[in-house]
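>>> How does the following fold in three dimensions:
(chains A and B)
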Amino acid sequence: MIKQVSLKLSAVLLIALLLMASAFTAFAEQADENDDFETPQVGDVVDQDDTQEEDSAGYSRVSVIEQTYALTDDAGLFSEAEAATLQQRLDEAGKATGWQFIVHTSNDGVSSNNMTNHYDSYYNSQAFQKDAIMLVFDNASNNRIILTYGGVKDYFKGDAARYDDIKSAMKPYLNSGDNLNAALTFVDKAQAVYKMGKTNAFLLSLKKVGPFSGIAGVIIGVIFFFITKSRYKNMGKSGTYDLAANSKVDLQDVEDTFVTQHTTVRTIEKNNDSDSSPSSDGHSSGSF
Amino acid sequence: MATMSYKCPNCDGPLKFDPGKQLFFCEYCFGEFTPDKVQEMNEQKEQRETYDEREVNRAEKQKEEAKAQGVESDDYPVSYTCPSCGAEIVTSSTTAATTCFYCYNPVVLGSRLSGDFNPDRVVPFELTKENATERFLAMCGKKWFLPKGFTGKQQVQKLNGVYFPYWYADEEKTAHLTATGKKIRTWRSGNKEYTETKIYHVVRGGNVIINNVFERALKSESRDMLQSVHPYDLTKAKPFAMSYLSGFQAEKRDLDKKDVEPTIEKKMHDYAEQVLKNTMEGYDVIETESFNEKTDLSAYTYNLMPVWMMTYKFNGELLPFAINGQTGKAYGQLPVNKGKLAAVSAAVAVIIFIIGVLGGMLFL
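Sure, this is the predicted structure:
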């Protein structure tokens, strides 16, 4: 009797286990399907075997997102070896700075005016880190842009020279089509900016606004000097004679004859101040 | 020399005019007398003392001596005898009233204001020296860049009550003005702005009376200063009496009517045109086509006007400061401590610079 009960219980448990196992398998399968989302999550190591596609030229389209770096080579500009080299360098720089170094290539064909907006949207659509610097190669339009986010902005804010320095260092490689060295130079130079520290708002303002406010200060100071001096020199010169109080008139001849009239028309031009061109919030290098 | 000293009938002390009370007072027995009373008491004496042949001869002699020494202007030194202490005092030839430098008694040099030089009217001082000092200090209090010590006691003591001579003119004219008057109206409709201009032929003619046009009668003083202390309220002017000068300095004129007539006539002409223009109401623009006028009546009077004034030397320059002795209106060229002003101007420049840089920090 006890044996029969035990057997029945065992069978129920077995069935339950089988059901649970099949449910787990189904869940696991679904989870695998989720891994194929276009937006990989940080920390999920994307199986490179799944994401690397080799094109006819032998270049692979790597898509890796790590805590310290991301390489999403949608345009397939880097070979497998180049991608590996770049990943290693990106990772080193990311670890050294605490930033996420992102290199993204695409064939989106975005015009230079829209690069900032377009790739800001791309950044926002991905689960990148908050403090990040991103180099974008738009292979279709042959435009590139460097974008900074979060705390990284503080290292570039107001100092276009830092962007310019990176861009000019990359230029020779870009001109010769050496995308790997261009990207490595970007990393080196960006790391150098990190070492330079955040831009000094005071020094920056001193450099940019200082000359103008200095000139304005001198002009206002000189005006103040001469106005004050003249006020000391010419006191009480006005109001010496009140004509109205000291005159009378007895009019004997009054004539107001209408002669002619004319009307002129002027077209008022509308003030078109609403320029639709995108404005940078200070975190874009401008496409190059 | 014919000098007048107005004495108190009670104690024989010197009488001075008190602008605050408009009375003469004796600072020894504190007696107070109306101007009419003082004039009545001194009428005979004034007539006797204001012309003295010896004085005229002596003045002429002194003038010749001055010319011989190369003094070209009429402002040559003249000596007189103080009627109180007998001291020999030297004044400018245009001085008509002063204070004896030895006994400090007020002295009126009557002959300087007699004959052709007898003023028609005088506006007595209404502002006391204390009032004038207060006005001076109040005005200086607002000025940060005065040299140190400028408003000190020594400076304030230099404030002197002086009667300055002026020519005043009243005229009645027949004037005729022809002009183009424009009435301009502007309005908007959609993106169009319309400007309508109506043109009128405007004529005004009639009798114009202009009173109290003035010009200084003393060329030796700054014209700017003498003209700028105006206006005075001529309704308070009194027929001239020498006693009003007691206790003050007074200058006699050294410019004749013919000297100032062209200037006054030019002003009269311009004022007459302005008076007629002022009757052309309702026009936005008035352009004179022709204006002509003829003087029917003209009256010039010689007047003495009260001024509290001081002069001071600053950086080698003699600067005048004057307060209208009737209304308190101030005129002057105040000295500027250029070093202090330059320092503050530099501070202003630095503040602007700092604000600019701090603003840049916020907005960059």
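>>> Helix or strand with the lowest mean pLDDT in chain B?
helix B:53-68 (a mean of 62; mean pLDDT, DSSP states H and E).
>>> Next, residue B:327: secondary structure please.
coil (DSSP: H, G, I helix; E, B strand; the rest coil).
>>> Next up, the contacts around it.
B:126-127, B:231-233 (CB atoms under 8 Å, 6 or more residues apart in numbering or on different chains). Yep, even glycine has a C-beta here, placed from its N, CA and C like the rest.
>>> Dihedrals phi and psi, it?
phi -100, psi -20 (degrees, to the nearest 10).
>>> which residues sit in contact with the residue of the stretch 151-288 of chain A found nearest chain B?
For the stretch 151-288 of chain A, the residue closest to chain B is residue A:213, as judged by CB to the nearest CB, at 2.3 Å. Residue A:213 sits next to B:352-357, B:359-360 when contact means CB under 8 Å, 6+ apart.
>>> What sits closest to it if chain neighbours are left out?
Nearest non-adjacent residue to residue A:213, counting by CB to CB, 6 or more residues apart in numbering or on different chains: residue B:356, 2.3 Å away.
>>> buried set for the helix or strand harbouring the one you found?
Under the criterion DSSP states H and E, the helix or strand holding residue B:356 is helix B:338-363. Buried residues in helix B:338-363, defined by neighbour count with 16 or more other CB atoms under 10 Å in any protein chain shown: B:341, B:344-345, B:348-349, B:352-353, B:356-357, B:360-361.
>>> In a markdown table, list the residues you listed along with distance to residue A:174 and pLDDT.
Formatted as a markdown table, the buried residues of helix B:338-363 follow (distance: CB to CB, whole Å; pLDDT from 0 to 100):
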| residue | distance to residue A:174 | pLDDT |
| --- | --- | --- |
| B:341 | 59 | 93 |
| B:344 | 56 | 94 |
| B:345 | 53 | 95 |
| B:348 | 51 | 94 |
| B:349 | 47 | 95 |
| B:352 | 44 | 94 |
| B:353 | 41 | 93 |
| B:356 | 39 | 92 |
| B:357 | 37 | 89 |
| B:360 | 33 | 84 |
| B:361 | 35 | 81 |
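>>> list the contacts for the closest residue to chain B within the stretch 1-150 of chain A?
Here the residue of the stretch 1-150 of chain A nearest chain B is residue A:148; by CB to the nearest CB that distance is 15.5 Å. Counting by CB under 8 Å, 6+ apart, residue A:148 touches A:132-134, A:155-156, A:283-284.
>>> ok, now residue B:342?
Residue B:342 neighbours (CB under 8 Å, 6+ apart): residue A:225.
>>> Tell me how many other residues crowd the closest residue to residue B:238 other than its chain neighbours.
Nearest non-adjacent residue to residue B:238, counting by CB to CB, 6+ apart: residue B:122, 5.6 Å away. The number of residues packed around residue B:122, counting by other CB atoms under 10 Å in any protein chain shown, is 23.
>>> For residue B:122, give me its contacts.
Residue B:122 neighbours (CB under 8 Å, 6+ apart): B:163, B:237-241, B:244-245, B:303-304.
>>> Residue B:100 versus that one, what's the distance?
Counting by CB to CB, to the nearest Å, the gap from residue B:122 to residue B:100 is 22 Å.
>>> again, but for residue B:269
For residue B:269, the distance to residue B:100 - CB to CB - is 46 Å.
>>> repeat for residue B:237
28 Å.
>>> Could you pull up the contacting residues of the residue of the stretch 251-364 of chain B found nearest chain A?
Across the stretch 251-364 of chain B, the shortest distance to chain A (CB to the nearest CB) belongs to residue B:356, at 2.3 Å. By CB under 8 Å, 6+ apart, the contact set of residue B:356 is A:209-210, A:212-214, A:216-217.
>>> what do you get if the cut-off is 10 Å, keeping everything else the same?
By CB atoms under 10 Å, 6 or more residues apart in numbering or on different chains, the residues touching residue B:356 are A:205-206, A:209-217.
>>> and residue B:193, that's in a strand?
Yes - counting by three-state DSSP, residue B:193 is located in a strand.
>>> Nearest spatial neighbour of it, chain-adjacent residues omitted?
With CB to CB, 6+ apart, the residue lying closest to residue B:193 is residue A:266, at 4.5 Å.
>>> what is the rounded mean pLDDT of stretch A:162-171?
In this model, stretch A:162-171 has an average pLDDT of 91.
>>> ok, is that stretch in contact with chain B or not?
No - Stretch A:162-171 is not in contact with chain B by CB under 10 Å from any CB of the partner chain; minimum separation 13.7 Å.
>>> Quick one: distance of that stretch to the chain centre.
16 Å (CA atoms, centre = their mean, to the nearest Å).
>>> can you pull the buried residues of that stretch?
Buried-residue list, stretch A:162-171, by 16+ other CB under 10 Å: A:162-163, A:166-167, A:170.
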